[in-house]
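Q: Generate a structure from the sequence data that follows.
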Amino acid sequence: MKWQIKTKAPSAFFKQFPDLSPLIAQLIYNRGLKTQKQVDEFFNPDYQEDIHDPFLLKDMDKAVERIKKAIKKKEKITIYGDFDADGVCSSAIIYLTLKELGVKDIDVYIPDRVKENHGLNEKSVEKLARTGTKLIITVDCASTDLREADLIKSLGMDLIITDHHRPGKKDPQAVAFVNPWRRGDKYPFKELSGAGVAYKLACAFLPIKKKSFKKWLLDLVAIATVADVMPIVGENRTLVRYGLGVLAQTKSIGLQELMKISKVDPEVSQISINGEAPLTNLDTYTLGFILGPRLNAASRMDHANTTFKLLVTENKKEAQELAQQLNQNNLDRQNLTEKIARELNKRLEKKISQGENTKLIFEGSPDWPIGLIGLIAGKIKDKYCQPAIIYHQQGELIHASCRSIPQLDLMEILNQTSDLFEDFGGHKGAAGFQIKKKNLEKTKKLLTQLVEKKLKDQELNPCLDIDFELSLADINWHNYDQIELFAPFGKANSKPIFLIRKVEISDLRVVGNNGKHLKMELLLFDKDSNKAKNFNAIAFGFGDKEPILKKGQLVDVIFEMIVNQWNGHRGLEIKIVDLRLCK
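A: This next block holds a predicted model:
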């Protein structure tokens, strides 16, 4: 893996912020914060100042008018969601908001991942018409569902679309189409999650007296934003920061029980006094790697209705049972994902050894569940640093999930082959499509050619972008506390990683199941001060490196600063991201 230290800020930049240490100033520069105003906004998220007016979104006024009309006339409203964590949280946001307003006749429809795929489909639309639905509100879907939108209108129903996926060349017919990516939309922040857009709708039609209720929805917005890997910058940063504080005090019985079974013990270290976000021990890791996967596991292994019920239940016993079910689903999902990944890795290594090497990985099997192909595509993309398309064959239909690297815009590529698809959609980095089996080889050949042309002459070796090279004196509590001010971390604001050279291995041993991880003691020496200090270090997934490492060896290490707390003791430690033997 290539190591690359980010470009050093110019000397004038350091002079611009004389009160900041060189380390913190460099981290600010690395994140594109060039003015004092940008720095202040970044470090001081403010709900009142940073959350934009929902009516800046195109068609928001039409959506609110139609919902109010439906409430007044007591029409049946159906919320039509998606089955991932973002879609289910979006569904819960609109459902809970309507319920808070006293609406009785509400239905929620979340399609089956395997049988129906993403978005609206004709059979479900016809079913909703038969049940008396007069207004359909989509969340996290439907921006490209032209035929289904036409069908809804022909069946005498009205449609409001709320979504954050890129629209197609033509907008679907709807009373209101709320999507920050729409042509002509002037909303100042485009990177909202589906739940972020749903939250905007909720805020728009909730009366002013429900101001407190709006903030209690932020736990769902935060989970969805992180689980859907949206950039944690701008408005999203504020939504997640406040959402973490809400989650730590959540009124949702379902989320309370999910945290218990996940061994998450939320604490609030500082309550909100002047409207600032409460401080909590919860972070984006909690959302993205503990809660998010469990919420997603329902649709991957069964049906997303389990997750939706958990998010809206008011019954503690039911919440406990649902949380247990989601936890078990997640364990089953992990085991099956690992099994398929091993099988696929063997297949790819064999092809590479035989000289079959393209810049697009395109593999599939009838035995790989639809609910897992997106996860597999992500793992393979990360391992080989190439765009990956992984598919499931179901009869005469192919379901594919795509994951891309920064150098390639997936939607740009898919749009060039859209005539071959039965359905498609997504983002720059993650997308999906359906094709008929007879078109598989043609699609594979065409997409491979387009990707090869786009990535021609580009090296696709994985690269670690290092924020700063440190010395022993830099690894201290003051710098750790300053770095933590950059939280919440996530896409576009990743946790800083650092390089330190010529570190001596004092001790090492394998730990974890099957010796998967490496526990080390590292001796750091500073030649300027002539001082040395031992630090505990953990290297997750590096257990196989143990045979080639020995005590006394010098290594260069890329790492994060972390804290290990036990028995009231707080220790500053090193989490190894990568290491190399010194030459």
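Q: rest of the way, CA atoms for contacts and neighbours
A: Noted.
Q: what comes into contact with the lowest-mean-pLDDT helix or strand in the chain?
A: Least confident element among the helices and strands of the chain, by mean pLDDT, DSSP states H and E: strand 423-426 (a mean of 84). Residues outside strand 423-426 that contact it (Cα atoms under 8 Å, 6 or more residues apart in numbering): 144, 165-166, 411, 414, 418, 431-435.
Q: my read is residue 276 is in a strand, agree?
A: No. Counting by DSSP: H, G, I helix; E, B strand; the rest coil, residue 276 falls outside a strand, being coil.
Q: Apart from its neighbours in sequence, what residue is nearest it?
A: residue 46 (6.3 Å; Cα to Cα, 6 or more residues apart in numbering).
Q: Please determine how far the most centrally placed residue in the chain is located from residue 244.
A: In the chain, the centroid-proximal residue (Cα atoms, centre = their mean) is residue 229; its distance is 2.1 Å. For residue 229, the distance to residue 244 equals 16 Å [Cα to Cα, to the nearest Å].
Q: So what are the sheet partners of the least confident helix or strand of the chain and their directions?
A: If you go by DSSP bridges, strand 423-426 pairs up with strand 430-436 (antiparallel).
Q: buried ones in whatever helix or strand comes next after the partner strand?
A: As assigned by DSSP states H and E, the chain's next helix or strand after strand 430-436 is helix 440-454. Neighbour-count burial for helix 440-454 flags 440, 443, 447-448, 450-451 (criterion: 16 or more other Cα atoms under 10 Å).
Q: need the contact list for residue 231.
A: Counting by Cα under 8 Å, 6+ apart, residue 231 touches 191, 490-493.
Q: Surely it is in a helix?
A: No. Under three-state DSSP, residue 231 sits outside any helix and is assigned coil.
Q: Begin at 595, not 1, for the rest of this chat.
A: With 595 as the first residue, the last one maps to residue 825.
Q: and it, what pLDDT?
A: What the model reports for residue 825 is a pLDDT of 94.
Q: can you map out the strands along the stretch 1045-1177 of the chain?
A: Under the criterion DSSP state E, counting those that start in this stretch, the stretch 1045-1177 of the chain carries strands at the ranges 1057-1060, 1062-1063, 1092-1105, 1111-1120, 1125-1133, 1148-1160, 1163-1175.
Q: Save those as CSV, and put in mean neighbour count too.
A: Listed next are the strands of the stretch 1045-1177 of the chain as CSV, based on neighbours: other Cα atoms under 10 Å:
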stretch, mean neighbour count
strand 1057-1060, 15
strand 1062-1063, 19
strand 1092-1105, 19
strand 1111-1120, 20
strand 1125-1133, 16
strand 1148-1160, 17
strand 1163-1175, 16
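Q: Might one say that residue 711 is in contact with residue 705?
A: Yes. Judged on Cα atoms under 8 Å, residue 711 makes contact with residue 705 at a distance of 6.8 Å.
Q: ok, those two, which is more surrounded?
A: Higher neighbour count among residue 711 and residue 705: residue 705, with 22 against 19, using other Cα atoms under 10 Å.
Q: Show the contacting residues for the more buried one.
A: 675-677, 711-713.
Q: for these, which one is nearest residue 685?
A: Using Cα to Cα, residue 675 is the member of the contacts of residue 705 that sits closest to residue 685, with 5.5 Å.
Q: Settle this for me: that closest one is touching residue 685, isn't it.
A: Yes. Counting by Cα under 8 Å, residue 685 is a contact partner of residue 675 at 5.5 Å.
Q: Common neighbours of the two, please.
A: With Cα under 8 Å, 6+ apart, residue 675 and residue 685 have common neighbours 702, 733.
Q: is the residue lying closest to residue 657 once chain neighbours are set aside in a bridge, and if so with what?
A: Computed as Cα to Cα, 6+ apart, the closest residue to residue 657 that is not its neighbour in sequence is residue 770, at 5.2 Å. Under DSSP bridges, the beta-bridge partners of residue 770 are residue 754.
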